[in-house]
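Visitor: Requesting a structural model of the entry that follows:
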Amino acid sequence: MTTDPKHLTDSEASAEAARLIAEAYRPTPVVPTSYRDDSPVPAFGPTPPVRQEDHRIVPAWAAGVAVASIGVGAGITGIGCGAWLVLQGLASVTLNGVLMVTLPFAGLAAAATAIGSAFSRVRRTSTTNVYKGTVVQRTEVSATARGFLSRAKAGR
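Guide: Now for the predicted structure:
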């Protein structure tokens, strides 16, 4: 009975209210939510399997997307963990930690400098430069650049 509530008489309105209340508080039907298998169990040995029907239908593309999303999620998690470890290390920087990290590089640089200095001294003592010939000394100055921000190049 669907009528406009503005045009109900008092008796029709009370009947409709009683119907709505009775419908709202009606008991729900009992639906089983579990199943108990009462088939006999063997006295010894494993219980034989019982076939259980599977009615799910999943397209191949949906399964592929699910597997790919799991892989991407695991990869992003690994990258996030790596970034977290790096940032944790940067957050706990102390002077002693910085010195301990840079100490091998400083030692390597000092050793390279010492070896380079020794090679240059050995090379310097064994080289003898003898200059022969006429010496030409040019003293003329010629400015070729003209302008507001130009530079003059003297006799090169």
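Visitor: residues in contact with T47?
Guide: Counting by Cβ atoms under 8 Å, 6 or more residues apart in numbering, T47 touches V41. In short, each C-beta sits where N, CA and C put it, glycine included.
Visitor: where's it relative to D38, distance?
Guide: Note on T47: its distance to D38, by Cβ to Cβ, to the nearest Å, is 13 Å.
Visitor: Then R121?
Guide: 100 Å.
Visitor: Buried residues, the lowest-mean-pLDDT helix or strand in the chain. List them.
Guide: The weakest-scoring helix or strand in the chain, judged by mean pLDDT, DSSP states H and E, is helix 95-126 (a mean of 81). Buried residues in helix 95-126, defined by neighbour count with 16 or more other Cβ atoms under 10 Å: none.
Visitor: Run the chain-centre distance for it.
Guide: Helix 95-126 sits 39 Å away from the centroid of its parent chain (Cα atoms, centre = their mean, to the nearest Å).
Visitor: That one - contacts with which helices or strands?
Guide: Contacting helix 95-126 under the criterion 3 or more Cβ pairs under 8 Å, 6 or more residues apart in numbering; DSSP states H and E is no other helix or strand.
Visitor: Now for L8, how many residues are close by?
Guide: Using other Cβ atoms under 10 Å, the number of residues around L8 comes to 15.
Visitor: doesn't S14 make contact with it?
Guide: No: proximity of L8 to S14 does not meet the contact threshold set by Cβ atoms under 8 Å, at 9.1 Å.
Visitor: Give me the secondary structure label for G64.
Guide: Assigned by DSSP: H, G, I helix; E, B strand; the rest coil, the conformation of G64 is helix.
Visitor: Kindly provide the distance from it to H55.
Guide: 21 Å.
Visitor: Comparing these two, which shows the higher neighbour count?
Guide: Counted by other Cβ under 10 Å, G64 and H55 do not tie: G64 has more neighbours, with 10 against 4.
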